[in-house]
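Undergrad: Structure, please.
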Amino acid sequence: MSKRDYYEVLGVARNASDDDLKKAYRRCAMKHHPDRNPGDSAAEAAFKECKEAYEVLADANKRRAYDQHGHAAFEHGMGGGGPGFADMGDIFGDIFGNIFGGGGGGARGPRRGADIGYVMELSLEEAVGGVEKQIEIPTLDACESCKGSGSSDGKVETCTTCNGRGQVRFQRGIFSMQQACPHCNGRGQTIANPCGDCHGQGRIERTKTLSVKIPAGVDNGDRIRLTGEGEAGPAGSPPGDLYVEVRVREHDIFQRDGDDLHCDVPIRISQAALGDIIRVPTLGGEVELRIPFETQSGKLFRLRDKGVKSVRSRKTGDLYCRVVVETPVNLTVEQRELLEKFEATFVGEGARKHSPRSSTFLDGVKGFWDRMTS
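TA: Numbering: from 1, shown residues only. As a prediction, the model looks like this:
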C-alpha cells in the first residue's frame, strides 16, 4: 500500500511554515493519540502516520529531500533510513510536554545522542563512479575514562526525586503532565563521584576521522546515514547518527539531469554541411559520433547507456550531445577568398533551397508583415 503525501497527512500546503506544521501536528496527534483512543488500531496507525510526516517535514534537510524525491528519498538508505517508530513519544513529548504520559506508559530513559550533519562536495566523476573519502567530524564522544557513565568509580545512585523513572508527573487541570526529572535531568540516576575528565557528563569534545563510502550514482541532495556515528548519548545512552549530504560540483563539460548527461559539441561548418565522424567525450572515455551531412546547429544526438547508472534502479541513463556549428575565426587570405566564392554561389531565389531554416524564418516574417498591414 503506497504512503500518503506527508503534506496531505497533516493537512497543510507545501509552503507551510514551521509554525503551521507544528499546529497541524498538534491537532492530528491530539485527535489520534493512543491514550485518547485505547484499543483503536486505526487511531494508532493514524497517529504514527502524522508523527512520521511531522518528523520529516519539521527537519529542514529531510523536508528538502522529500520535496525533491518524495518517499523515495528515504528508501535504500539515501534519506537517512526513513522515519521510524521506536519511540512514539519523542516528538510528541517535545511539543506537548508529555501531557499524555509519554505516549504509551512507562518512563523513557535518557535520550539518544544528537544526529550530526556533514556536507561532502564531490566531483561529477566521483559521484557517478562512487568513492571512499576520509572526513573529520567534531563531535561529543563517550568519555574513555568512565566509559560514558560520568562516574569516576563506576558507581551511580537511584535518583530520590523520581525514584529512578527519569520523569516526574503532576496534574494540570484534566491532564496528567509528565516531564524530565529536574534533579537527574531524566537519567533516573545520580553520580556521587563525577569523572574528572568529563565532569560527570560522560562525554567529551573531540574530532574523529571516519571513512565514508559513497555509492556510485549519487546526486545532489542524496544523504548517506552512518548509524551510531553521531554524538554520544548522555550517561552511556545510544549515540546519534551521522548524515552525509552530497553536493556535486559543476562540471566543465557535462550537465547532469537525473541519470542523463548533456554536453555541447562544437563542429565546423564544413563538418555540418558535408558530414563527418568525430570523437566525443564520455565519462568512460571517448567514443565516435557520426555527423550526417546537412546537420543543423543545435541537432541533438543520443548515445544510449553513456549516462549515469542510477543508485536506486541501477539502470543507466543516456548522453545527449548537442552539436553547435561554430563560425570560423582568424581566417587566412585564402580561406576568406574561398568563402567569398562560396557565398557568391547563393544568388537569386534558388539560394533559399540551401537554407531551410532561413527560408522558414523569412516566410514567417513576410506573413507577419502581411497581417500587420492588412
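
Undergrad: Now V168: phi and psi?
TA: phi -120, psi 150 (degrees, to the nearest 10).

Undergrad: who touches it in this structure?
TA: T161, C162, Q178, Q179, A180, C181, P182 (CB atoms under 8 Å, 6 or more residues apart in numbering). Quick note: C-beta positions are derived from backbone N, CA and C, even for glycine.

Undergrad: ok, now how distant is the last one from T160?
TA: Between P182 and T160 the computed distance is 13 Å (CB to CB, to the nearest Å).

Undergrad: shared neighbours of those two, anything?
TA: In contact with both P182 and T160: no residue, using CB under 8 Å, 6+ apart.

Undergrad: Let me see the mean pLDDT of the helix or strand Y243 falls within.
TA: Element membership for Y243 (DSSP states H and E) is strand 242-248. What strand 242-248 shows for mean pLDDT is 94.

Undergrad: elements contacting the helix or strand just after that strand?
TA: Downstream of strand 242-248, the next assigned helix or strand under DSSP H and E is strand 255-257. Helices and strands touching strand 255-257, by 3 or more CB pairs under 8 Å, 6 or more residues apart in numbering; DSSP states H and E, are strand 260-268.

Undergrad: which stretches of this structure have low pLDDT?
TA: Low-confidence segments of the chain (pLDDT under 70): 1-2, 75-111, 171-176, 235-236, 348-352, 356-374.

Undergrad: what secondary structure does the spatially most central residue of it sit in?
TA: With distances taken as CA atoms, centre = their mean, the residue of the chain nearest its centroid is G221 (2.9 Å). With DSSP: H, G, I helix; E, B strand; the rest coil as the basis, G221 sits in coil.

Undergrad: Would you map the strands across the stretch 201-350 of the chain?
TA: 203-214, 223-226, 242-248, 255-257, 260-268, 276-280, 287-291, 300-303, 319-326 (DSSP state E, counting those that start in this stretch).

Undergrad: Distance to F170 added to the ones you listed, as JSON lines?
TA: Shown next, in JSON lines, are the strands of the stretch 201-350 of the chain (distance: least, CB to CB, whole Å):
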{"stretch": "strand 203-214", "distance to F170": "30"}
{"stretch": "strand 223-226", "distance to F170": "38"}
{"stretch": "strand 242-248", "distance to F170": "37"}
{"stretch": "strand 255-257", "distance to F170": "57"}
{"stretch": "strand 260-268", "distance to F170": "60"}
{"stretch": "strand 276-280", "distance to F170": "73"}
{"stretch": "strand 287-291", "distance to F170": "73"}
{"stretch": "strand 300-303", "distance to F170": "69"}
{"stretch": "strand 319-326", "distance to F170": "66"}
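
Undergrad: Relative to S313, which of the ones you listed is closest?
TA: Among the strands of the stretch 201-350 of the chain, the nearest to S313 by CB to CB is strand 260-268 (13.3 Å).

Undergrad: What is the closest one packed up against?
TA: strand 255-257, strand 276-280, strand 319-326.

Undergrad: mind checking which of the ones you listed is nearest V128?
TA: strand 255-257 (8.4 Å).

Undergrad: Strand partners (parallel or antiparallel) of that closest one?
TA: In the sheet, strand 255-257 lines up against strand 260-268 (antiparallel) (DSSP bridges).

Undergrad: Next, the buried residues of stretch 323-338.
TA: Across stretch 323-338, burial judged by 16 or more other CB atoms under 10 Å covers V323, V325.

Undergrad: Now C50: closest residue in space, sequence neighbours ignored.
TA: The shortest distance from C50 to any non-neighbouring residue, by CB to CB, 6 or more residues apart in numbering, is to C28 (3.7 Å).

Undergrad: helix/strand/coil for that neighbour?
TA: helix.
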